[in-house]
Structures are given as structure tokens and as C-alpha cells.
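Novice: Below are the sequence and a predicted model for it; my questions follow.
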Amino acid sequence: MRFAPSPTGFLHVGGLRTALYNYLFARKNGGTFLLRIEDTDRSRYVQGAVEGLTEMLRWAGLQVDEGPGRGGPSAPYVQSERLEIYCRYAEGLLATGKAYYAFDTPEELEEMRKDQEKSGAPSRYDRRALRLSPDEVRKKLDAGIPRVVRMRIPDSVTVSFEDVIRGHVEFSSDQLDDQVILKSDGYPTYHLANVVDDHLMGISHVIRGEEWLSSTPKHVLLYEYFGWPKPVFAHLPLLLNPDRSKLSKRQGDVAVEDYRKKGYLPEALVNFVAFLGWNPGDEREVLSMEELTRDFTLERVGKAGAVFNIEKLDWLNEQYLRKKPDGELLAMLREALAGSALGPVECDDAYLLRVIALMRERVTFIGDILEKSPYFFLPPGAYDPEAVRKRWKQETPDRLKALAAEFSRLQDSRQESCEAALERTAGALRISKSDLIHPLRLAVSGTGAGPGIYDILAILGKDETIRRITSAIERIQ
């Protein structure tokens, strides 16, 4: 099995799905997962894209068996390093009449297309190069005139193949163009390089996106021209936005790197992507890589487009975050703190673990802890104006002073102790507990909502709580 991306930028989530399905199929069936870089379109090559693709596969947990940097029996795995191979096979097609040279200039091709548009004829190469005599072809070659190699599509035949997902597929050869397979710069097009490499690398199953379905009859013909057995084809459904339009960057993030930067866990993204077109046949929604490997089959991949539901991805991230061991979450939180705008924060592991224990059920990303509860790491820099308007009354400062005095007499900062102290103060002042709880929350956190107030106090400790009450009394007008 192979994943063969072009190094034209970031890894698209659709590319991750293709890689994942190939990986799962290979692992389940005792095969090899191969990474091949299809970089023959030099105009679209992006520096650093190969390294980015490789890193994203590693981050997602897809271990490459053969590929750039790892080697293997079919090396090299970068197509620009295999040009001699493609030229040799193109020459074989030329020798058998399955391909031919064409010497048309870009201007001539453009004029041809305009004439076809005017006449309403199909837009395809008109085979004018086939009208050249062998002597004329030889003279042009000897003169060094730029040329391409086009494959010769047979006339009026049915090209058919079986697709695991779509069943029996047929195309009329009259709908196919005499595709360029070797460009004037000596680089092959996708069609020739793809077929040659898949055969030489022993690829048994070609699992790729639906957008390649229309190219498959050309590939089938090339397999027949070379006398090679065809692989099994499986074309995956399109990825769609919620409005059923094709997933694109215009309507949201599509790069795996974007989701990593936002804090999504690799396990959650892989689980989510696996379900974009496939399901295990039961009600399970959270599946580990081991479970996906065990249960994945191409037969359960559907034809219909798969909707990219970001709410489902968020939900999955929450599930995986909550199952993470404390040690992993601690490391993640420290990393988030180091890169945050909160500045240097001195917290020991025991303190951070208590914050994690309180917040892990309340967040989607580890970074949400910093966003939703920065008060665990720094005193409030400001106070929510709406909460101040609703909760901070003229009598509030005196009430909180009495509460701070009661807190100062505590021997510990356990939840039970803090709650008892607040109850005693409310009783002595003859007010309800809520008359103290709401302004207390505002004083220690700067907000009007959040986890249980006694949970917050237990983590902050009585001394920090008193300091924050005193500061709020001085600062809130």
C-alpha cells in the first residue's frame, strides 16, 4: 500500500484520510505502508513540503515502512529521482505505437482549443501530430524541436474496471484525451509515473480520492499496454462542508498542521478522519488505532460524500483528552503555559495536577484551561464589568472583609473548611451564602462563572484567596 502525495504545501485532511486508509489496510493484511513523493510537477513544488508531510504522518501515528529517509527495495521514492525509469518505459510505448511524439507549441494548442470551443467540439487533442510522416518526425527530433510524448487512446472501445467502493465502472475511450505522459522537460506526468511506480513497487491496492476516478481508464490502458496486471482500485468519497460543498480552505481549515496548532490530539483527528466515509458497522464512535486496524475494511467505505463536522471532531477531542494519563496532560499543560501570553508562571507539578483534575471535564483542548481559567496562574488583571454590575454592591467590601478574617483563622484550605467558613460568615452577617459566593468568585477569579467556588479556593489556598479579596476591595469601585 502506498500514500503518494505531491509536495505542493501542507497535508490536507483528505490526504490524511487517504494515508490512513492505506495504512490501516496494509497493517490489517500484513502489507507494507510506503510513502512516495510525486514531485514531477516542478511548477507547484513547495520547499519544505516533504519534511512537513513526513512530520504530519509521524505526528498522526502512521509509521512509514518504506520511503524517503527510510529507504527500501524500491528506492528511490521521490519521482524526480526516477526520470530515467519513466523515459525508458515511454520509449517502449513509442516503439509499439502505443504513444507518439507531438511537437505543438503552447500557442498552437491554445488556438486549437479556441477553435473547438467555437465549433462546440469536445476539448481534446486533435491528433494532428499523428499526421506527420516518420521522416517528418525524425527531422523534428534531429532538429531538437521541443516535443512531448502522448499516449495513443484506442478508438471506440469500452475501458472498464472493478472498484471496491463503486463496483463496475466503464468509460468510452472516445471520451478520453491522448494524454501527455512525458513532458518536454523530460518529466513524466502523473499518469505515466503513477502506473510505472505502482507496478515496480508492487502496489496491490490503489486507494485514493474520487477526484482520480476519471483518470483511472487511462491508467487501466497503460497497464494493458505494458502487459501488467492491474491493482485493485478503491476511490474514496469526497469530503464535504456542512452545506454539502466540497471541503476547501475558503470555508475553514483543511491542513492537518492547522488542527495540530489548535491543540487537537492526533488520536482524535485520526479517529475523526477514519469515520469520513467509513464506519465499523455498529454504534461505536471512539476507536483507537488498534481498533481501527482490526475493524477496517474497504467494503464498509461508502460512495456518498462525507460531511466534515467540526462539532464531532471537538467532541472526540474531549473524549481523548479526558482519557489521557495525568502525566501526559501535565506535560501538555506545561508546554501550553510556556507558549502562552501569561508570561512566566511558577507552579509546581502538584498544583498543576490539581488544576487538571478540576478542569479536564470542562475543556475541549488543554489550552482551554489557560483561556477559561487564567486565574489559576495569575491574579485577575481586570474584573468582568457585567459581573461587577450584578454582584458588587455597596455593602460587598465589608462583607468580604469579614469573610477574609474568617478564612485567616482556618488551619487548612480544604473545600469543606472553606465552605464552613463561608457559612459561618453568612450566618453572622444574617445574609444568604449566595450574597458572599458571587462577589467572592468575582474577587478571586475576575469572572462571574466557572468551576465550583470551593474547588477554586482549595486550589488557590487561603493565603492567595485573602490576597485577592483584599486586592478586589481596593480595585473594584
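Specialist: On my side now, so go ahead. Numbers count the residues shown, from 1 in each chain.
Novice: Contacts only, for the residue nearest the centre of the chain.
Specialist: For the chain, the residue sitting closest to the mean C-alpha position, by CA atoms, centre = their mean, is residue 256 at 2.8 Å. When contacts are counted by CB atoms under 8 Å, 6 or more residues apart in numbering, residue 256 is found next to 10-13, 15-16, 56, 59-60, 269. Bear in mind the C-beta positions are built from the backbone N, C-alpha and C, glycine included.
Novice: same deal with residue 69?
Specialist: Taking CB under 8 Å, 6+ apart as the definition, contacts of residue 69 comprise residue 54.
Novice: For it, which three-state class applies?
Specialist: Secondary structure state of residue 69, per DSSP: H, G, I helix; E, B strand; the rest coil, is coil.
Novice: just to revisit the earlier point, between all of the contacts of residue 256, which two are separated the most?
Specialist: With distance counted by CB to CB, no two of the contacts of residue 256 lie farther apart than 12 and 59, which are 14.8 Å apart.
Novice: Give me the nearest residue to residue 381, chain neighbours excluded.
Specialist: In space, not counting the residues next to it along the chain, residue 381 is nearest to residue 446; the distance is 7.3 Å by CB to CB, 6 or more residues apart in numbering.
Novice: need the contact list for that neighbour.
Specialist: By CB under 8 Å, 6+ apart, the contact set of residue 446 is 375, 380-384.
Novice: Rebuild these as JSON lines, extending it with neighbour count and distance to residue 146.
Specialist: Compiled in JSON lines, these are given as follows (neighbours: other CB atoms under 10 Å; distance: CB to CB, whole Å):
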{"residue": "375", "neighbour count": "19", "distance to residue 146": "69"}
{"residue": "380", "neighbour count": "19", "distance to residue 146": "71"}
{"residue": "381", "neighbour count": "8", "distance to residue 146": "67"}
{"residue": "382", "neighbour count": "9", "distance to residue 146": "68"}
{"residue": "383", "neighbour count": "19", "distance to residue 146": "72"}
{"residue": "384", "neighbour count": "16", "distance to residue 146": "69"}
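Novice: can these go into a markdown table with extra columns for pLDDT?
Specialist: Listed next are the contacts of residue 446 as a markdown table, based on pLDDT from 0 to 100:
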| residue | pLDDT |
| --- | --- |
| 375 | 97 |
| 380 | 96 |
| 381 | 93 |
| 382 | 95 |
| 383 | 97 |
| 384 | 96 |
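Novice: Look up how far residue 273 lies from residue 287.
Specialist: Separation of residue 287 from residue 273 (CB to CB, to the nearest Å): 12 Å.
Novice: Looking at the two, which is more packed in?
Specialist: residue 273 (26 against 20; other CB atoms under 10 Å).
Novice: Using just helix, strand and coil, how would you label that one?
Specialist: Under three-state DSSP, residue 273 comes out as helix.
Novice: wait, what's in contact with the closest residue to it other than its chain neighbours?
Specialist: Nearest-residue entry for residue 273: residue 17, 4.7 Å, with adjacent residues in sequence omitted and distances by CB to CB, 6+ apart. Residues near residue 17 by CB under 8 Å, 6+ apart: 236, 239, 273-274, 276-277.
Novice: likewise residue 337?
Specialist: The neighbourhood of residue 337, defined by CB under 8 Å, 6+ apart, consists of 345, 347, 370, 377.
Novice: Where does pLDDT dip in the stretch 251-400 of the chain?
Specialist: Residue ranges of the stretch 251-400 of the chain with pLDDT under 70: 251-252.
Novice: Which parts of it are helices?
Specialist: Remark: helices assigned in the stretch 251-400 of the chain by DSSP state H, counting those that start in this stretch are 256-261, 266-274, 289-295, 310-323, 326-338, 349-359, 367-372, 385-391, 396-408.
Novice: what comes into contact with the second one?
Specialist: By CB under 8 Å, 6+ apart, the residues outside helix 266-274 that reach it are 13, 16-17, 20-21, 24, 59-61, 256, 259-260, 286-289, 292, 296, 312-313, 316-317, 319-321.
Novice: just the buried members of the residues you listed?
Specialist: Neighbour-count burial (16 or more other CB atoms under 10 Å) applied to the contacts of helix 266-274 gives 13, 16-17, 20-21, 24, 60, 256, 259-260, 287, 289, 292, 296, 312-313, 316-317, 320-321.
Novice: what residues go with each domain of the chain?
Specialist: In the assignment given by automatic domain parsing, the structural domains of the chain cover 83-236, 379-477.
Novice: need those in TSV with distance to residue 329, can you?
Specialist: Below are the domains of the chain laid out as TSV (distance: least, CB to CB, whole Å):
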stretch	distance to residue 329
domain 83-236	34
domain 379-477	15
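Novice: Ok, which of those domains comes nearest residue 362?
Specialist: Checking the domains of the chain against residue 362 by CB to CB gives domain 379-477 as the closest, at 6.7 Å.
Novice: Give me the distance from that closest one to the chain's centre.
Specialist: 44 Å (CA atoms, centre = their mean, to the nearest Å).
Novice: Report the separation between the two terminal residues of it.
Specialist: 18 Å (CA to CA, to the nearest Å).
Novice: Would you confirm that residue 41 contacts residue 6?
Specialist: Yes. Counting by CB atoms under 8 Å, a contact exists between residue 41 and residue 6, whose distance comes to 6.6 Å.
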